[in-house]
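pasting the structure only:
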């Protein structure tokens with residue numbers, strides 16, 4: 001999906017967001033739930049000035065405003081459906097008028113479309 005997450009994958013463990021050579025470490029990046037092959041939930045990654053390395057169009061003001069928001073949460077739920085698997089991705093926990101929500105609104109559809117295409121090619 002264009003990035004990696006390094007973690008011990010245990011509830012309460014931290015993780016490192018890795019994208020295009022950038023490694024974002026933050027103590028508030030936490031695995032909230034971990035039930036292998038069924039559910040994974042984590043707090044969304046930190047907004048740091050280094051993000052401009054991979055998103056140069058982000059202004060310092062935008063990154064600062066996003067960093068000031070409470071952490072949102074990403075959940076992946078996997079369930080069998082006949083001979084296939086259904087993946088449900090939920091990204092929630094945004095404050096009204098969230099800058100983070102606005103920033104990620106177009107990213108998830110692209111990442112999930114890319115994942116779907118990759119899986120179809122592997123079929």
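That came through, no problem. Just so we're clear, the structure is a prediction, and the values are computed from it rather than from any experiment.

in the protein, which ranges drop under the pLDDT threshold?
Within the chain, the segments meeting pLDDT under 70 span 1-2, 123.

what's near enough to touch the residue most central in space within the chain?
In the chain, the C-alpha nearest the mean C-alpha coordinate belongs to residue 44, at 5.4 Å (C-alpha atoms, centre = their mean). Contacts of residue 44 were listed using C-beta atoms under 8 Å, 6 or more residues apart in numbering, and they are 71, 72, 73, 74, 91, 100, 104. For every residue, glycine as well, the C-beta is placed using N, CA and C.

Give me the helices and strands touching the longest helix along the chain, please.
Ranked by residue count and defined by DSSP state H, the top helix of the chain is helix 107-122. The elements that helix 107-122 packs onto, with contact taken as 3 or more C-beta pairs under 8 Å, 6 or more residues apart in numbering; DSSP states H and E, are strand 84-92.

Other residues contacting the following helix or strand past the strand it packs on?
Proceeding N to C from strand 84-92, the next assigned helix or strand is helix 99-104, under DSSP states H and E. Under the contact criterion C-beta under 8 Å, 6+ apart, helix 99-104 has outside partners 44, 47, 58, 62, 65, 66, 69, 72, 91, 94.
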